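1. can't give you the sequence, but here's the structure:
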């Protein structure tokens, strides 16, 4: 049995609201080894962030884990108290949030906020923590680090603030870095620099990364494996090459068709995925993507398809794949 840094098995998580139970995650399983980069892609509301936050014990009220198990670096997350979670949060696992302006405290200096993270999880004194904070700003490519430490978040540009967030996340050299759409608010050139920086630091520190995004360009350039999520389930999982060149699920194919391609010789229309995401209060009995799928069959609406396994770790859940396999077997 492989020794995984992250081992999530059949996670089921619901939000119990006044309107009813919202089944945010419905049987999610993820395995990640040290030093690997996993991309989780899908549209808003598919459960990407909820999966990552639950791993850090950050499920917001009224969310509750109703089934499955979460293991990280030898810790059984299900059984840990809030006090125990605080010891590993920021130390063994860190997160870069989507918007750095709302993540940084506007009334404290940059130095104060980085030093706090260092002193909370290490035995460094104030002077050592200040020195380490300066080193971290240099590491993430911020010029004049001594001056920046005395500045407040509003005095920095968006790209610099995101670099500060990365510095805070890396303060204690975590085993796992969760990046929740870390480049959404940045322009393309700064986005490329931030991603390049994260990959350099991954190689330098040997940490694993979970990259949450709906930008397929980001996962193509940074991730080794991709989990495609839709309506709280992983509908397809595989290596980056398998997902991009051999997609099996209709939702994955739809995502790829909606991306503009540079190598196309003539004018080509982008094909959007029509319809709206499912209502998670009343999810369909069968495949959640069926109401939006152009190749939908009657059985798709009635029953969840079984898992189809392909080469390596590549798998999907789709009745069309089952149909092709059955037809292929009959022809032989």
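-> Sure, I can see it. A quick note: this is a predicted structure, and the numbers were derived from the prediction, not measured. Residues are numbered from 1 along each chain as shown.

2. What residues sit buried inside stretch 218-236?
-> 218-219, 222-236 (16 or more other Cβ atoms under 10 Å). The C-beta positions use only the backbone N, C-alpha and C, and glycine is treated the same way.

3. how long is it end to end?
-> Taking Cα to Cα, to the nearest Å, stretch 218-236 runs 18 Å from one end to the other.

4. tell me the contacts of the nearest residue to residue 77 once chain neighbours are set aside?
-> Nearest residue to residue 77 in three dimensions, chain neighbours excluded: residue 70, at 3.9 Å (Cβ to Cβ, 6 or more residues apart in numbering). Contact analysis of residue 70 by Cβ atoms under 8 Å, 6 or more residues apart in numbering lists 7-8, 11, 54-55, 76-78.

5. Next: residue 128.
-> By Cβ under 8 Å, 6+ apart, the contact set of residue 128 is empty.

6. That one should be in a strand, yeah?
-> No: applying DSSP: H, G, I helix; E, B strand; the rest coil, one finds residue 128 to be helix, outside a strand.

7. By neighbour count, which of the contacts of residue 70 wins?
-> residue 11 (26 neighbours; other Cβ atoms under 10 Å).

8. Surely residue 52 is in contact with residue 177?
-> No: taking contacts as Cβ atoms under 8 Å, residue 52 lies outside contact range of residue 177: 10.5 Å.

9. quick check: longest helix of the protein.
-> Longest helix in the chain, counting residues (DSSP state H): helix 188-205.

10. From the rest of the structure, what touches that one?
-> Outside helix 188-205, the residues that reach it (Cβ under 8 Å, 6+ apart) are 35, 37, 139-141, 158-159, 162-163, 166, 170, 173, 177, 179, 182-183, 186, 207-209, 218, 221-222.

11. switch the cut-off to 6 Å
-> 159, 162, 173, 183, 209, 222 (Cβ atoms under 6 Å, 6 or more residues apart in numbering).

12. Now for the fourth one: which residues touch it?
-> Residue 183 makes contacts with 191, 194, as judged by Cβ under 6 Å, 6+ apart.

13. how does it look with 7 Å?
-> 191, 194-195, 218 (Cβ atoms under 7 Å, 6 or more residues apart in numbering).

14. Same question for the third one.
-> Going by Cβ under 7 Å, 6+ apart, residue 173 touches residue 205.

15. if I've got this straight, it is in a helix?
-> No: per three-state DSSP, residue 173 lies outside any helix segment and is coil.

16. so how far is residue 80 from it?
-> According to Cβ to Cβ, to the nearest Å, residue 173 stands 21 Å off from residue 80.

17. The fifth one too?
-> Distance, residue 209 to residue 80, by Cβ to Cβ: 22 Å.

18. The two: who's more crowded?
-> Legend: neighbour count by other Cβ under 10 Å for residue 209 and residue 80, higher for residue 209 (23 against 16).

19. Now do the same for that one: helix, strand or coil?
-> Relying on three-state DSSP, one would call residue 209 strand.
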